[in-house]
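# can't give you the sequence, but here's the structure:
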């Protein structure tokens, strides 16, 4: 029996505004509990919300970048439900007239490129946070996040499998960080998603009953959670059971999903227009100004790196894959003339270190200025490529200055040709058998001589000079 999977994602991106959506409370992460709380965030009687203009501008940037329709008149609604970390007893959101509708984004998977449509992207306030492990037998509530502006990005149910879902989430994260509307920090909760999943037999015309997986904040966990849930639903149906429409939680320790509560419908929340907020009108002038000031997007960067700098397509894709990586490339490139060498090292040795430590480049000790200086010292032959690898590793561990490392460890490349010639002659005189074999036609032995000279100089010899000197001496033999 053949099964098909239908997946839709609801991504919550925390907008990078300094203040909250309807109050002057700070959105800074990591503050002591309940210190970034305004009277409005607490839902005290008589207080009135005021919409944050910057949150609208950031939402519009997303809409423009995804080819969406921008509703220049949008409004807020109240979504009513009770939870301890929701002081007002309702969440202010955009149900009937969202700011953004009908966009799309391209994703690339092993099966090729695919466009996934975005139903809507609407503004809403975040809730607070319940803390269950701080007080024995009691639950604490931290309202620092209450009122934080979120952009909820809702896809059409057009995603077919877990890998495609991850590719979609990555594409959205890449876009919002390039647009500078969200920092994309999933560990801090700046981006998280709910996943709606249903399965159906390939010849069924009706969609299956969906289950919703709540608040997943890791690419790895999204893939694992979806694959587990697909398998659970298929096994349930094949054994004669029925999938229940419900909200489920993914337990990453046990790699399983479990039921949280029955899934609410829209009418369960008793949505109605928020009486405290008038519709928000975006003028033609404001909209045009946002259009005129959109930053360069990932695909545009990739194309520019290929056409103007001459990078390989694979290099351009990796460098433009994240804003932090693109910033590192461009800032380091301003310190040296050899942009292709910057790209080579960034895609090669630097990416290898990032993968090893499983971090983003802006979390490392490598600054753009220091990286640019490292490339410059390779270009001007101060150090060899081999030495540069050890310098990079030292920077990675300590963040020390390139020139200080080179000077303190005596790593400056030997460029004195008379000294290199003397060392090369010594190597050749010490290996008559290899010389004879090389002269007899074993050309690959040339690498042996280069290696021996580099060994004698502890890797400090200029490789280009070594090659030229050895060729000259061996030709005379």
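Yep, that arrived. The structure presented is a predicted model; accordingly, all values stated were derived computationally and were not measured.

# Low-confidence ranges, the protein, go.
1, 262-267, 413-416, 476-477 (pLDDT under 70).

# Scan it for its longest helix.
In the chain, assigned by DSSP state H, the helix with the most residues is helix 219-238.

# Pairing partners for the next helix-or-strand element following that helix, with directions?
Next along the chain after helix 219-238, taking DSSP states H and E as the criterion, comes strand 246-251. As defined by DSSP bridges, the strand partners of strand 246-251 come to strand 211-216 (parallel), strand 256-262 (antiparallel).

# Run the angle between the first one and helix 219-238 for me.
If you take axes from the mean of the first three to the mean of the last three Cα atoms, to 10 degrees, strand 211-216 sits at 160 degrees to helix 219-238.

# Pull the distance from the longest helix of the chain to the chain's centre.
24 Å (Cα atoms, centre = their mean, to the nearest Å).

# Of all the residues in that helix, which ones are buried?
Using 16 or more other Cβ atoms under 10 Å as the test for burial, helix 219-238 gives 221-226, 228-230, 232-234, 237. Heads up, the C-betas are built off the backbone N, CA and C, glycines and all.

# wait, which of those residues is closest to residue 177?
residue 222 (17.6 Å; Cβ to Cβ).

# For the helix or strand containing residue 121, which helices and strands make contact with it?
Assigned by DSSP H and E, residue 121 falls within strand 112-125. The contact analysis (3 or more Cβ pairs under 8 Å, 6 or more residues apart in numbering; DSSP states H and E) places strand 112-125 against helix 53-65, strand 90-93, strand 100-109, strand 149-155, helix 162-178.

# buried ones in it?
114, 116, 118, 119, 120, 121, 122, 123, 124, 125.

# ok so, going back, so for residue 431, which of the strands paired with strand 246-251 sits nearest?
Closest among the strands paired with strand 246-251, using Cβ to Cβ: strand 211-216, at 61.3 Å.

# what sits up against the closest one?
192-198, 222, 225-226, 229, 233, 243-250, 257, 260, 263 (Cβ atoms under 8 Å, 6 or more residues apart in numbering).

# Filter these down to the buried ones, PyMOL style.
Selection of buried members from these for PyMOL, criterion 16+ other Cβ under 10 Å:
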select buried, resi 192+193+194+195+196+197+198+222+225+226+229+233+243+248+250+257+263
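
# So what touches stretch 310-321?
Defining contact as Cβ under 8 Å, 6+ apart, one finds that stretch 310-321 is touched by 174, 298-299, 301-303, 305-306, 325-326, 329, 339-340, 343-344, 346-347, 351.

# So which of the residues you listed are in helices?
Per DSSP H, the subset of the contacts of stretch 310-321 in helices is 174, 298-299, 301-303, 325-326, 329, 339-340, 343-344, 351.

# and the residues you listed, which two are the farthest apart?
Checking the ones in helices among the contacts of stretch 310-321 with Cβ to Cβ, the most distant pair is 174 and 340, at 23.6 Å.

# Determine which member of those two has the greater number of neighbouring residues.
Neighbour totals were compared for residue 174 and residue 340, and residue 174 leads with 19 against 13 (other Cβ atoms under 10 Å).

# measure the spatially closest residue to the more buried one that is not a sequence neighbour to residue 309 for me?
The shortest distance from residue 174 to any residue other than its chain neighbours is 5.5 Å, reached at residue 298 (Cβ to Cβ, 6 or more residues apart in numbering). In this view, residue 298 and residue 309 are 16 Å apart by Cβ to Cβ, to the nearest Å.

# neighbour-wise, which of those two wins?
Set side by side, residue 298 and residue 309 show more neighbours around residue 298, with 21 against 16, by other Cβ under 10 Å.

# what's the more buried one in contact with, if anything?
174, 175, 178, 320, 321, 326.

# now residue 345
Counting by Cβ under 8 Å, 6+ apart, the residues that residue 345 touches are 371, 374, 375, 388, 392.

# So which of these are in strands?
With DSSP state E as the criterion, strands contain none of these.

# could these be laid out in a markdown table, adding distance to residue 83 and neighbour count?
Putting these into a markdown table (distance: Cβ to Cβ, whole Å; neighbours: other Cβ atoms under 10 Å) gives the following:
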| residue | distance to residue 83 | neighbour count |
| --- | --- | --- |
| 371 | 47 | 26 |
| 374 | 51 | 28 |
| 375 | 53 | 24 |
| 388 | 55 | 21 |
| 392 | 49 | 21 |
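
# now, which of the residues you listed sits nearest residue 183?
Residue 183 lies nearest to residue 371 out of the contacts of residue 345, by Cβ to Cβ, at 21.6 Å.

# And the closest one, how close does it get to residue 392?
8 Å.

# between the two, what contacts are shared?
Shared contacts of residue 371 and residue 392, counting by Cβ under 8 Å, 6+ apart, come down to 345, 350.

# correct me, but residue 223 touches residue 159?
No: in this structure, residue 223 is not within contact of residue 159 by Cβ atoms under 8 Å, at 12.0 Å.

# With distance to residue 165 added, can I get the buried residues of strand 112-125 in JSON lines?
Converted to JSON lines, the buried residues of strand 112-125 look like this (distance: Cβ to Cβ, whole Å):
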{"residue": "114", "distance to residue 165": "12"}
{"residue": "116", "distance to residue 165": "10"}
{"residue": "118", "distance to residue 165": "14"}
{"residue": "119", "distance to residue 165": "15"}
{"residue": "120", "distance to residue 165": "18"}
{"residue": "121", "distance to residue 165": "18"}
{"residue": "122", "distance to residue 165": "21"}
{"residue": "123", "distance to residue 165": "24"}
{"residue": "124", "distance to residue 165": "22"}
{"residue": "125", "distance to residue 165": "26"}
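
# hmm, back to that, between residue 223 and residue 159, which contacts overlap?
By Cβ under 8 Å, 6+ apart, the residues touching both residue 223 and residue 159 are residue 165.

# can you give me the helices in the stretch 351-477 of the chain?
351-357, 368-379, 385-398, 402-408, 417-429, 432-439, 446-456, 463-476 (DSSP state H, counting those that start in this stretch).

# and the angle for the fifth one with helix 446-456?
Put plainly, it is helix 417-429. Using the same axes, to 10 degrees: helix 417-429 against helix 446-456 is 120 degrees.

# by contact count, what packs against helix 417-429?
For helix 417-429, the packing partners by 3+ Cβ pairs under 8 Å, 6+ apart are helix 446-456, helix 463-476.

# Can you check what angle separates the last one from helix 385-398?
Relative orientation of helix 463-476 versus helix 385-398 (the same axes, to 10 degrees): 160 degrees.

# how near is residue 338 to residue 309?
Taken as Cβ to Cβ, the span from residue 338 to residue 309 is 11 Å.

# joint contacts of those two?
Contacts common to residue 338 and residue 309, judged by Cβ under 8 Å, 6+ apart, are absent.

# give me the number of residues near residue 67?
Residue 67: 12 neighbours (other Cβ under 10 Å).

# And for it, nearest residue in space, chain neighbours not counted?
Nearest to residue 67 is residue 103, by Cβ to Cβ, 6+ apart, at 5.5 Å.

# Any idea what the one you found is bridged to?
Bridge pairing for residue 103 - DSSP bridges - gives residue 118.

# Now do the contacts for it.
By Cβ under 8 Å, 6+ apart, the neighbours of residue 103 are 62, 63, 66, 67, 68, 69, 117, 118, 121.
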